[in-house]
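**Q** Pasting the sequence and the predicted model now:
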2 protein chains.
Amino acid sequence: MNFNFRNYLEANLEFINHSLIESIEKLSIPSTLKASMLYSIKAGGKRIRPILMIASVEAFGGKKEDVLPAAIALELVHTYSLIHDDLPAMDDDNLRRGQPTNHIEFGEATAILAGDSLLTLAFQVISEAENLTAEQKVTIIKRLSMASGPTGMVAGQILDLEAEERQVNLSELEQIHRLKTGELLIFAVEIGAYLAGAAQEQLKAIREFGHHIGLIFQIQDDILDIEGDEQKLGKAVGSDQENKKSTYPKLLGIEGALQAKAANIKQAEASLNQAQIANSTLHAFIDYISNRES
Amino acid sequence: MNFNFRNYLEANLEFINHSLIESIEKLSIPSTLKASMLYSIKAGGKRIRPILMIASVEAFGGKKEDVLPAAIALELVHTYSLIHDDLPAMDDDNLRRGQPTNHIEFGEATAILAGDSLLTLAFQVISEAENLTAEQKVTIIKRLSMASGPTGMVAGQILDLEAEERQVNLSELEQIHRLKTGELLIFAVEIGAYLAGAAQEQLKAIREFGHHIGLIFQIQDDILDIEGDEQKLGKAVGSDQENKKSTYPKLLGIEGALQAKAANIKQAEASLNQAQIANSTLHAFIDYISNRES
């Protein structure tokens, strides 16, 4: 990874974390609930989604301060989804990023309520943003709810659960990931472009970019579950096979999965060209996401 | 109950149900998820919250069509809270309104995701409303998230769980109910008044009304758990005592609970006077809620 890009990620991680944690710290709420929300928020995410949003707004000539409320809301939604996904009734995971999952630490009831709280807070944060017009807030809320709710991420989660124990084909697998992971990544880059005033054509192209970035992300996730380093990942590998999950390597073999990743990388690059921001920081994310080790 | 008021409730129940069900039916989403969401939405609620909102907007001279998106959103949020509340990790209820609870019918994973979906959809419905300005949407979303999230209903739920197995005093009990039940009832009457263009003083008074209506609702709930008819309630009575819940009758005795209800009825009436809508349909809700049998 390019040294400057590493600095870019670290600086923006700081920028996001400060406001993200503050958005919860400042609430007057029951202490257990606050502790549970903060626990998962502070659990060391890389903040890829909000930083993608920042890179997008900057690529189109906007300022990162403009996307801050939407970026925080996005990470709140992402974190809620992890807490609920880890629950015993869902993926039943005990570890995430090397730490006990929320329900292991706080109990199931509190974990469910912490997830509910983070989701609800996301919409509150956007509604209270000081540097957005009412129209902008409504657009962001509409897109976030569509990307994360029953037409988006949650649809992906239920299809993913239903796909366990049965063989899905490649187009079904892409649909699941488009919904489960892709929609929030598309939201990230789209809202950055939108708040920078990008043209309609550029918005369309940047959505395509988000879609391919999502698939690259997922293919790499599947590969890491086979070839990854448990230490770096902070979780056990091999769980996909254990859970009989459909994955790219399972459907295509490792070689085929790598080819699919390469094809999506080409398409992501083409989308950036189309959006006329081929030389922006967004380009570095392609390499970063496709080669990530955790 | 006055015959005209019964008609009023029935007509508005129809009005709400139609749009409420349509808001889910029209979604292109996985069939299991849709079935699970519709199951709880159609489970026969009395729609007290949305009808209170309609009565409020009409009391202040507005039209019921104006509050429809906010009323639907409110009922979506209420329904999500019931699904999550019934989960094994929470209240572990198998029956609601005489029917199996959502997780009994669809399994825990789907029930969690159906709840998440209804919550998210609530914000989407407001953001997509055709008859509201962007400013109105933002105000409604802000108030709904505050009333239902970690500073509102969810805070009440966690305090309620924490209050099991220990003795709480009357002021703690009121705080729990204010958050768990009251905030959404306050939201109902406040948004009705807001969208009808009520004055600041009237908004303050109507919020007071919502607060007292909430306490009346809860005291009656506690009384019904002791003296209610299981057939009419659609659930077993005596569960509060079984779960060692703190209730009004437990803290004050049945006589004391009835006195507290009477005091709140007086205060609710005074709030309507204050809001200058003493003769509106809202007045009938005081009697309706304090004498309800289910």
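**A** Sure thing, it's come through.
**Q** surely residue A:292 meets residue A:220?
**A** Yes - here residue A:292 reaches residue A:220: they are 6.0 Å apart, a contact under Cβ atoms under 8 Å. For every residue, glycine as well, the C-beta is placed using N, CA and C.
**Q** who has more neighbours, those two?
**A** Using other Cβ atoms under 10 Å in any protein chain shown, the more surrounded residue of residue A:292 and residue A:220 is residue A:220, with 20 against 17.
**Q** Pull out the buried residues from the helix or strand containing that one.
**A** Using DSSP states H and E, residue A:220 falls within helix A:200-227. Within helix A:200-227, the residues that count as buried by 16 or more other Cβ atoms under 10 Å in any protein chain shown are A:202-203, A:205-225.
**Q** Up against chain B, what does the stretch 151-294 of chain A have?
**A** Neighbours of chain B within the stretch 151-294 of chain A, by Cβ under 8 Å from any Cβ of the partner chain: A:151, A:154-155, A:157-159, A:161-162.
**Q** among those residues, who's most crowded?
**A** Neighbour counts for these peak at residue A:154, which has 28 neighbours (criterion: other Cβ under 10 Å).
**Q** rewinding a little: quick one: mean pLDDT over the helix or strand following the helix holding residue A:220.
**A** Per DSSP H and E, helix A:200-227 leads on to helix A:230-233 as the next helix or strand towards the C-terminus. For helix A:230-233, mean pLDDT is 76.
**Q** If you count contacts, what does helix A:230-233 end up packed against?
**A** For helix A:230-233, there is no helix or strand it packs on, judged by 3 or more Cβ pairs under 8 Å, 6 or more residues apart in numbering or on different chains; DSSP states H and E.
**Q** which parts of that helix are buried?
**A** residue A:233.
**Q** Residues in contact with the helix or strand following that helix: which ones?
**A** Downstream of helix A:230-233, the first helix or strand assigned by DSSP H and E is helix A:239-242. Identification of contacts with helix A:239-242 by Cβ atoms under 8 Å, 6 or more residues apart in numbering or on different chains yields A:222, A:225-226, A:245, A:247, A:250.
**Q** among these, which two are most distant?
**A** A:226 and A:245 (11.4 Å; Cβ to Cβ).
**Q** Check the spacing between the closest residue to residue A:98 other than its chain neighbours and residue A:52 real quick.
**A** Setting aside the residues directly before and after it, residue A:98 is nearest to residue A:234 in space (Cβ to Cβ, 6 or more residues apart in numbering or on different chains), at 3.5 Å. Applying Cβ to Cβ, to the nearest Å, the value for residue A:234 to residue A:52 is 21 Å.
**Q** who has more neighbours, the two?
**A** Each of residue A:234 and residue A:52 has its neighbours counted (other Cβ under 10 Å); residue A:52 has more, 28 against 15.
**Q** To which secondary structure element is the more buried one assigned?
**A** Assigning secondary structure by DSSP H and E places residue A:52 in helix A:48-59.
**Q** Please compute how far the lowest-mean-pLDDT helix or strand in chain A lies from its chain's middle.
**A** None of the helices or strands of chain A scores lower by mean pLDDT, DSSP states H and E than helix A:239-242, at a mean of 74. Relative to its chain's centre, helix A:239-242 lies at 22 Å (Cα atoms, centre = their mean, to the nearest Å).
**Q** Tell me which helix or strand comes right after it.
**A** Heading C-terminal from helix A:239-242, the first helix or strand you meet, by DSSP H and E, is helix A:248-274.
**Q** Which parts of that following helix count as buried, going by neighbours?
**A** Those would be A:248-252, A:257-258, A:260-261, A:264-265, A:267-268, A:271-272, A:274, for helix A:248-274 by 16+ other Cβ under 10 Å.
**Q** circling back: could you give me the average pLDDT of the helix or strand just after the helix holding residue A:52?
**A** Using DSSP H and E, the helix or strand that directly follows helix A:48-59 along the chain is helix A:64-86. Here helix A:64-86 scores 98 as its mean pLDDT.
**Q** if you look at helix A:64-86, does any of it touch chain B?
**A** Yes - using Cβ under 8 Å from any Cβ, helix A:64-86 reaches chain B at A:80, A:84.
**Q** how far out from the middle of the chain is that helix?
**A** Relative to its chain's centre, helix A:64-86 lies at 8 Å (Cα atoms, centre = their mean).
**Q** Just give me how far the following helix or strand past that helix sits from the chain centre.
**A** On the C-terminal side of helix A:64-86, the nearest following helix or strand under DSSP H and E is strand A:95-96. The chain centroid and the centroid of strand A:95-96 are separated by 17 Å under Cα atoms, centre = their mean.
**Q** Show me the strands paired with strand A:95-96, marking each as parallel or antiparallel.
**A** Paired strands of strand A:95-96, with direction, are strand A:99-100 (antiparallel) (DSSP bridges).
**Q** For the strand it pairs with, give the mean pLDDT please.
**A** The predicted model assigns strand A:99-100 a mean pLDDT of 94.
**Q** Need the contact partners of that strand.
**A** Strand A:99-100 is touched from outside by A:43-44, A:94, A:105, A:234, with contacts defined as Cβ under 8 Å, 6+ apart.
**Q** Drop anything exposed from these.
**A** Among these, the ones that count as buried by 16+ other Cβ under 10 Å are residue A:43.
**Q** Show me the two of the contacts of strand A:99-100 that sit farthest apart.
**A** Using Cβ to Cβ, those reach their maximum pairwise distance at A:44 and A:94, which is 16.5 Å.
**Q** tell me the contacts of the residue nearest in space to the middle of chain A?
**A** Nearest to the mean C-alpha position of chain A, by Cα atoms, centre = their mean, lies residue A:49 at 4.8 Å. By Cβ under 8 Å, 6+ apart, the residues touching residue A:49 are A:71, A:74-75, A:78, A:184-185, A:188.
**Q** From those, pick the one nearest chain B.
**A** Nearest to chain B among the contacts of residue A:49, counting by Cβ to the nearest Cβ, is residue A:184 at 12.2 Å.
**Q** mind listing what the closest residue to the closest one other than its chain neighbours touches?
**A** Leaving aside its chain neighbours, residue A:184 sits nearest to residue A:147 (5.6 Å; criterion: Cβ to Cβ, 6+ apart). Residues in contact with residue A:147 (Cβ under 8 Å, 6+ apart) are A:153, A:183-184, A:186-187.
**Q** So which of the residues you listed are in helices?
**A** Using DSSP state H, the members of the contacts of residue A:147 that fall in helices are A:153, A:183-184, A:186-187.
**Q** how about CSV for those, with neighbour count and pLDDT added?
**A** Supplementary listing: these in CSV, determined by neighbours: other Cβ atoms under 10 Å in any protein chain shown; pLDDT from 0 to 100:
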residue, neighbour count, pLDDT
A:153, 27, 98
A:183, 27, 98
A:184, 24, 98
A:186, 24, 98
A:187, 28, 98
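**Q** what's the most distant pair in those?
**A** Largest separation among those by Cβ to Cβ: A:153 and A:186, giving 11.0 Å.
**Q** Would you mind checking which of the contacts of residue A:147 is nearest to chain B?
**A** Looking across the contacts of residue A:147 and measuring by Cβ to the nearest Cβ, the closest to chain B is residue A:153, at 8.8 Å.
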